[in-house]
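>>> fold the following, please.
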Amino acid sequence: MSTLKFTDPHHWDRLEQHLAQANGERFAFAYTRAISNNIRTGPVLEVVGITLISDADTTRGIDGWYLSDQALDRVHNHALAIGGGIVEFHNHRHGPPAFSSTDEDTLAPTVRYCLDLLDGAPYAAAVWADGAVHAEWWRFDAHGGVERGQFSTVTVLGDQLRVLNAAAVPEERLARQVPLLGTRAQAAITTMRIAVVGAGGTGSHMAQSLAYLGFRNVLIMDDDLVEISNLNRMVTAGYADVGHPKSHVTRKRMRAINPLMNVTTARGVTAADEHPELEDVDLIIGCVDNDGPRNRLNQIAVQTRTPYIDIATGVDDAVEPFALGGRVIIFTTPDGPCLSCLGELDPAEVARWAKPVHQQGLDRQHGYGTGSKSPSVVYLNGLTVNAAVSELAAWLSGARPPARWLDIDLIGESSRPGTRVDPRDVDGPDPDCITCAGVNRFTRSRQ
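Numbers count the residues shown, from 1 in each chain. So this is what the prediction gives:
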């Protein structure tokens with residue numbers, strides 16, 4: 001799946017305002033860095049800066065609009081200076097957006113020139129009309145020819161998660177939620193690709209909720225098989241599923257809810273693997289029960305510039321009164337604060353998880369990382385996941401910015417017993433964070 005990501009929403013807001021206010025055609029350029037350039041699925045690009053072309057640099061000819069050589073030289077030289085790629089944007093007066101025959105005639109020589117000039121960095125072009133975008137990419141193939149494809153998603157991160165090229169897909173079973181979410185949010189839901197990592201207690205709740213909401217492109221990642229002890233909380237499994245992979249059982253349940261879903265499966269995250277399957281998703285949702293894989297997901301989300309929702313629940317029956325609760329943390333943009341910034345990762349647990357299997361066995365013999373399973377109940381998982389889904393819905397619909405951190409407490413206080421869901425204030429990213437500081441400084445320096 002190929003993706004164009006506006007990780008700074010101000011880039012898109014300025015660019016769209018420029019295009020929308022034009023009397024004729026207007027042009028703008030975005031500069032990109034390649035997050036990945038997978039041969040099979042296409043490029044994943046992050047916008048790191050923009051240039052708005054003034055009307056003085058635009059001329060109308062007999063068969064279309066043209067840019068001055070000086071304006072094009074400035075754009076090309078800047079792309080060369082930062083070692084990035086280019087996306088050309090222009091507007092049409094009416095939608096749906098698409099390239100005209102004049103656009104096609106102009107693109108043919110431009111694409112080849114820019115691919116040669118920018119040392120093979122993918123080139124892209126997009127048309128804006130009526131608030132929607134059509135965007136395509138070009139790159140050299142293995143034989144020196146030029147390959148062309150359409151971006152699966154063009155996303156804007158920030159207080160609202162927008163999918164600019166999402167097309168509405170009428171579906172009668174969703175008719176009662178569209179008035180609440182809005183047609184654009186529902187179109188985004190249909191278009192986005194989401195990864196759910198962990199298909200157990202919380203992950204099964206999340207997978208089921210995504211299916212009911214109308215998501216059609218979901219990746220489920222998990223290594224484990226269904227055990228009888230999972231059946232008190234894994235809402236996608238029954239007795240007949242014991243011994244089967246959790247990811248396969250979850251896929252079966254999701255497709256039973258919506259047969260139109262494209263659900264793929266993969267093994268869980270590891271300490272050493274690169275996990276290219278997570279490079280081209282629009283959102284990662286972590287439903288893991290160990291800080292080792294949680295840390296790895298945190299790293300991947302920052303490196304691939306992907307928004308991330310982390311869900312955790314826990315029961316501590318060793319204290320009096322016992323603790324029963326959870327939390328949800330949402331990165332609306334990859335600029336942080338990440339889980340490392342927030343101090344939500346146990347370094348000892350992360351280190352144990354990263355060790356080879358035989359070393360983990362030796363640790364357990366000496367009492368480190370015993371792997372004992374804590375108590376778990378279905379209603380805590382369900383409440384925490386549904387709180388996360390509520391924030392995701394608010395984020396997509398634009399009803400309000402999502403809470404960055406939710407605390408779930410099922411016990412309450414002695415003077416005020418009862419279930420509580422409280423948003424917590426979140427500070428900005430730590431400039432010395434070992435996970436996100438270097439990546440964010442790099443991307444900001446290129447804008």
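
>>> tell me the secondary structure for residue 386?
Three-state call for residue 386 (DSSP: H, G, I helix; E, B strand; the rest coil): helix.

>>> pLDDT wise, what is the residue most central in space within the chain at?
Taking CA atoms, centre = their mean as the criterion, residue 283 is the residue nearest the geometric centre of the chain, at 2.4 Å. If you check residue 283, the pLDDT there is 97.

>>> for it, give its distance to residue 153.
The gap separating residue 283 from residue 153 is 10 Å, by CB to CB, to the nearest Å. (Each C-beta comes from the backbone N, C-alpha and C, glycine too.)

>>> run through the protein and note the low-pLDDT ranges.
317-321, 356-373, 438-447 (pLDDT under 70).

>>> just checking, residue 154 touches residue 132?
No. Using CB atoms under 8 Å, residue 154 is not in contact with residue 132, being 9.5 Å away.

>>> more crowded one of those two?
residue 154 (26 against 18; other CB atoms under 10 Å).

>>> give me the three-state assignment for that one.
strand.

>>> returning to what we had before: report the set of residues contacting both of residue 283 and residue 153.
Residues touching both residue 283 and residue 153 by CB atoms under 8 Å, 6 or more residues apart in numbering: residue 192.

>>> thinking again about what came up before, which neighbours do residue 154 and residue 132 have in common?
164-165.

>>> how distant is stretch 78-87 from the center of its chain?
Chain-centre distance of stretch 78-87: 24 Å, with CA atoms, centre = their mean, to the nearest Å.

>>> same deal with stretch 136-147?
Centroid displacement of stretch 136-147 relative to its chain, using CA atoms, centre = their mean, is 26 Å.

>>> for stretch 267-279, same thing?
Stretch 267-279 sits 15 Å away from the centroid of its parent chain (CA atoms, centre = their mean).

>>> quick check: residue 346 touching residue 294?
No. Using CB under 8 Å, residue 346 is not in contact with residue 294; the gap is 9.3 Å.

>>> neighbour-wise, which of the two wins?
residue 294 (26 against 15).

>>> follow-up on the earlier one: list the contacts of the residue nearest to the centre of the chain.
Neighbouring residues of residue 283 by CB under 8 Å, 6+ apart: 161, 192, 194-195, 306-309.

>>> one more: residue 57?
67-68, 70-71.

>>> could you pick out which of these are located in helices?
70-71 (DSSP state H).

>>> just the buried members of the contacts of residue 57?
Of all the contacts of residue 57 considered here, the ones buried according to neighbour count by 16 or more other CB atoms under 10 Å are 67, 71.

>>> between the contacts of residue 57, which is closest to residue 220?
Within the contacts of residue 57, proximity to residue 220 (CB to CB) peaks at residue 67, which comes in at 46.0 Å.

>>> follow-up on the earlier one: mind putting the contacts of residue 283 into CSV with distance to residue 201, secondary structure and neighbour count?
Shown next, in CSV, are the contacts of residue 283 (distance: CB to CB, whole Å; DSSP: H, G, I helix; E, B strand; the rest coil; neighbours: other CB atoms under 10 Å):
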residue, distance to residue 201, secondary structure, neighbour count
161, 26, coil, 24
192, 24, coil, 24
194, 19, strand, 21
195, 18, strand, 26
306, 24, coil, 27
307, 23, coil, 24
308, 19, strand, 23
309, 16, strand, 25
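
>>> now do the phi/psi pair for residue 262.
Dihedral pair for residue 262: phi -100, psi 100, per degrees, to the nearest 10.

>>> sorry, that was for residue 380
Torsion angles, degrees, to the nearest 10, at residue 380: phi -70, psi -40.

>>> surely it and residue 313 touch.
Yes. Here residue 380 reaches residue 313: they are 5.2 Å apart, a contact under CB under 8 Å.

>>> how about the helices in the stretch 1-150 of the chain?
9-20, 69-82, 101-117 (DSSP state H, counting those that start in this stretch).

>>> and residue 253, which of those helices is closest to it?
Smallest distance to residue 253 across the helices of the stretch 1-150 of the chain (CB to CB): 35.1 Å, for helix 9-20.
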